[in-house]
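[1] Sequence unavailable; structure follows:
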């Protein structure tokens, strides 16, 4: 995670650096990423980079955590709201995410992450509700699997979302 120096930067400067990190990591897997490109895009010195992050892995981990927050922001619900979710709402949220993934650097980062990072090397995402129900767990994993199938496996978006919808209807009995 970033060092205190980074956390104390003005918001505008921090955003420039975040954009440079997103640019680098959405175009290159971590194994091919370069500090030199990040510092040029951010307009900072190499020394400044190392005042903000321990190393490139640290910067990647930070970018991943920030991206997950942005990507999941529309999906953060209270327990009562989750209980009111319907298969239609889940599929519509997924449709909106797929547009977001195609049109933003955050989405491109996630796509690159899915495509270039092996399962064993992926950090486990932190979910705020560690005591989620088995159905919530299954729904979350099926939604993630659908994204993978559409984005990485290049399966038909409509067919995959239809299949997800049918499974969610059975699972959620709605």
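    Great, that's in hand. Quick caveat: nothing in here was measured; it's all calculated off a predicted structure.

[2] What is the burial count for residue 67?
    Counted by other CB atoms under 10 Å, the residues lying close to residue 67 total 23. For the C-beta atoms, the positions are set from N, CA and C on the backbone; glycine is no exception.

[3] so who does it touch?
    Listed by CB atoms under 8 Å, 6 or more residues apart in numbering, the contact set of residue 67 reads 22, 106, 109, 110, 113.

[4] change it to 7 Å
    106, 109, 110 (CB atoms under 7 Å, 6 or more residues apart in numbering).

[5] same check, this time on residue 24
    By CB under 7 Å, 6+ apart, the neighbours of residue 24 are 33, 37, 38.

[6] quick revisit: most neighbours among the contacts of residue 67, which one?
    Neighbour tally across the contacts of residue 67 (other CB under 10 Å): the maximum, 26 neighbours, falls on residue 109.

[7] Just say helix, strand or coil for that one.
    helix (DSSP: H, G, I helix; E, B strand; the rest coil).

[8] Next one, pLDDT for it please.
    Residue-level confidence at residue 109 comes out at 89, pLDDT.

[9] ok, it touching residue 27?
    No. Counting by CB atoms under 7 Å, residue 109 stays clear of residue 27, with 9.4 Å between them.

[10] that older thread, closest to residue 1 out of the contacts of residue 24?
    Using CB to CB, residue 38 is the member of the contacts of residue 24 that lies nearest residue 1, at 16.5 Å.

[11] quick one: the closest one and residue 158, what's the gap?
    38 Å (CB to CB, to the nearest Å).
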